[in-house]
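>>> Here is a sequence together with a model predicted from it:
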Amino acid sequence: MQVSFSIIICCYNSTPRLEPTLAQLSKLDYPTALVEVLLIDNASTDGTAAFAQQTWEKLETKLPLKHIHEAKAGQAHARKTGILAAQNDYILFVDDDNWLASDYLKNGAAILQKNPTIGVLGGKITGVFETPPPAWMYPPKPFKPLIGNLAISTDLHQYGELKKVNEYVFGAGSFYKRSALQGFLKQGITPLLSGRSKEVLTSGDDIELCLMMRMAGFQIYRSNTLQLQHYITSNRLTWDYFKRLYFGFGYSDWITGFYENFIQNGKHAVIEKPKVQQEIERKQRIYQRYARLLKLTPFGESFQKNKLFLLVEYEKGRKKFLNEEYDKIAVFQNKIQSYSEILSSNSV
């Protein structure tokens with residue numbers, strides 16, 4: 001029996017990016033009766049929903065497209081709305097700048113049918129750039145390429161089952177078991193990270209879903225037979241964007257770190273604010289001192305320059321979370337523990 005799919009596209013002012021994404025979806029080689037496309041309009045102000053409908057009609061596809069409005073900003077809120085509305089076996093998250101290969105559903109179905117214990121299945125993402133990416137995104141080995149921070153697959157990504165707690169797949173182009181995601185929500189298990197909104201480049205919501213699936217006993221899997229292109233606009237190839245991105249990483253990594261530590265150790269670490277704040281400030285001083293010793297100019301063409309100053313931004317994000325959310329850390333940790341207790345009971 002073939003599996004069915006609910007494709008969820010979360011959109012915020014997506015008119016400039018949406019047309020090629022919808023065009024690729026219309027070319028999917030899979031029985032249309034087993035597919036639904038849900039476009040979640042996340043408080044757009046540019047007529048995204050109307051534009052999507054007009055584009056869809058021009059494509060003359062038999063796939064059904066449904067629009068749903070979500071007024072609360074943030075990707076996690078839009079995804080929640082889509083999850084609750086989905087009716088098919090697996091949910092496939094597609095961003096408004098993702099172009100799926102025509103065999104994406106067919107190849108995904110083949111993997112999922114063979115292994116029903118997979119909770120999350122991701123693919124191989126190739127970048128398509130509005131303008132050529134700058135040289136500083138491709139440092140010499142053994143340094144990790146910065147291009148991977150833009151949800152693009154690199155040579156460092158492994159394929160097959162991802163067994164380590166800190167291994168995850170990008171949310172873009174990933175399949176999720178619908179019954180599990182809806183089960184989470186029905187039992188009050190909601191993401192602690194809200195995802196990116198128009199104001200803040202926080203991240204980690206994809207990682208959090210993977211961690212929840214691990215708690216529930218599902219596998220995390222990545223396959224290079226699932227080919228996806230990610231269109232990258234020029235504004236994402238700037239230092240300003242990467243500074244905001246790394247700041248968001250630092251802010252969000254606290255929550256995913258709580259999950260990872262609890263899964264590995266069965267308990268939460270005690271966070272002492274003065275001690276942690278001193279450690280953060282110590283790291284910032286080390287990065288800045290090293291940069292001065294090397295007589296580096298912030299955010300030049302050298303990867304070495306880039307990484308040092310980006311790590312300073314990362315620590316700034318960690319410090320901001322510590323200052324803003326310290327009083328809530330115990331609440332976050334208790335929620336994660338309760339999530340684990342619910343999910344480990346096999347009730348999802």
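On my side now, so go ahead.
>>> can you give me the helices for the stretch 51-200 of the chain?
75-85, 104-114, 178-186 (DSSP state H, counting those that start in this stretch).
>>> mind checking which of those is nearest Q2?
helix 104-114 (6.2 Å; CB to CB). Quick note: C-beta positions are derived from backbone N, CA and C, even for glycine.
>>> And that closest one, what's buried?
Within helix 104-114, the residues that count as buried by 16 or more other CB atoms under 10 Å are 104-105, 107-109, 112.
>>> and if you look at stretch 274-294?
280, 283-284, 287-288, 291.
>>> Looking at these, which is nearest G317?
Among the buried residues of stretch 274-294, and counting by CB to CB, the member closest to G317 is I280, at 9.8 Å.
>>> So for the closest one, what's the pLDDT?
At I280, the model reports a pLDDT of 96.
>>> contact partners of the strand or helix carrying it?
Assigned by DSSP states H and E, I280 belongs to helix 273-293. Helix 273-293 is contacted by residues 298, 305, 308-309, 311-312, 315-316, 318-319, 322, 326 when judged by CB atoms under 8 Å, 6 or more residues apart in numbering.
>>> sorry, back to before: out of the buried residues of stretch 274-294, what pair is the most spread apart?
Greatest spatial distance in the buried residues of stretch 274-294: I280 and A291, 17.0 Å, computed using CB to CB.
>>> okay, the angle between the lengthiest helix in the chain and helix 273-293?
In the chain, assigned by DSSP state H, the helix with the most residues is helix 239-265. Here the directions of helix 239-265 and helix 273-293 differ by 140 degrees (axes from the mean of the first three to the mean of the last three CA atoms, to 10 degrees).
>>> hmm, back to that, relative to T61, which of the buried residues of helix 104-114 is nearest.
L105 (13.5 Å).
>>> need the contact list for the closest one.
Applying CB under 8 Å, 6+ apart, the residues contacting L105 are 5, 28-30, 35, 92.
>>> Same check on T61?
Counting by CB under 8 Å, 6+ apart, the residues that T61 touches are 25-26, 32.
>>> Please apply the same query to T233.
Per CB under 8 Å, 6+ apart, neighbours of T233: 17, 97, 130.
>>> and it, backbone torsions?
Dihedral angles of T233 (phi, psi; degrees, to the nearest 10) stand at phi -80, psi 160.
>>> Now do stretch 317-333, average pLDDT.
pLDDT averaged over stretch 317-333 gives 95.
>>> Looking at the buried residues of stretch 274-294, which gets the smallest pLDDT?
A291 (78).
>>> how near is that residue to L308?
A291 sits 5 Å away from L308, going by CB to CB, to the nearest Å.
>>> Could I get the pLDDT score of the residue of the chain positioned farthest from its centre?
When distances to the mean C-alpha position of the chain are computed (CA atoms, centre = their mean), the maximum falls on L293, with 36.3 Å. pLDDT, L293: 79.
>>> got it, and E208?
You'll see E208 listed with a pLDDT of 94.
>>> With A110 instead?
At A110, the model reports a pLDDT of 97.
>>> roughly how far apart are it and Y30?
From A110 to Y30 the distance is 11 Å (CB to CB).
>>> ditto for N265
Relative to Y30, and taking CB to CB, N265 is found at 42 Å.
>>> Counting neighbours, go ahead and name the busier of those two.
Ranked by neighbour count (other CB atoms under 10 Å), N265 and Y30 place Y30 first, with 20 against 9.
>>> pull the CA atoms of the helix holding I280 into PDB?
Presented in PDB, the C-alpha positions along helix 273-293 are these (Å, rounded to 0.1, in the frame of the first residue of the first chain):
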ATOM      1  CA  LYS A 273      24.400  32.300  36.000                       C
ATOM      2  CA  PRO A 274      27.600  34.100  37.300                       C
ATOM      3  CA  LYS A 275      29.800  31.200  36.400                       C
ATOM      4  CA  VAL A 276      28.400  30.700  32.900                       C
ATOM      5  CA  GLN A 277      28.400  34.500  32.200                       C
ATOM      6  CA  GLN A 278      32.100  34.600  33.100                       C
ATOM      7  CA  GLU A 279      32.800  31.700  30.800                       C
ATOM      8  CA  ILE A 280      31.000  33.400  27.900                       C
ATOM      9  CA  GLU A 281      32.900  36.600  28.500                       C
ATOM     10  CA  ARG A 282      36.100  34.700  28.700                       C
ATOM     11  CA  LYS A 283      35.500  33.100  25.300                       C
ATOM     12  CA  GLN A 284      34.700  36.400  23.800                       C
ATOM     13  CA  ARG A 285      37.900  37.900  25.100                       C
ATOM     14  CA  ILE A 286      39.900  34.900  23.700                       C
ATOM     15  CA  TYR A 287      38.400  35.300  20.200                       C
ATOM     16  CA  GLN A 288      38.900  39.100  20.200                       C
ATOM     17  CA  ARG A 289      42.500  38.800  21.600                       C
ATOM     18  CA  TYR A 290      43.400  36.200  19.000                       C
ATOM     19  CA  ALA A 291      42.000  38.400  16.200                       C
ATOM     20  CA  ARG A 292      44.100  41.400  17.500                       C
ATOM     21  CA  LEU A 293      47.300  39.300  17.600                       C
END
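>>> what packs against the helix or strand following it?
Going down the chain from helix 273-293, the next helix or strand is helix 303-325, by DSSP H and E. Contacts defined by 3 or more CB pairs under 8 Å, 6 or more residues apart in numbering; DSSP states H and E place helix 303-325 against helix 239-265, helix 273-293.
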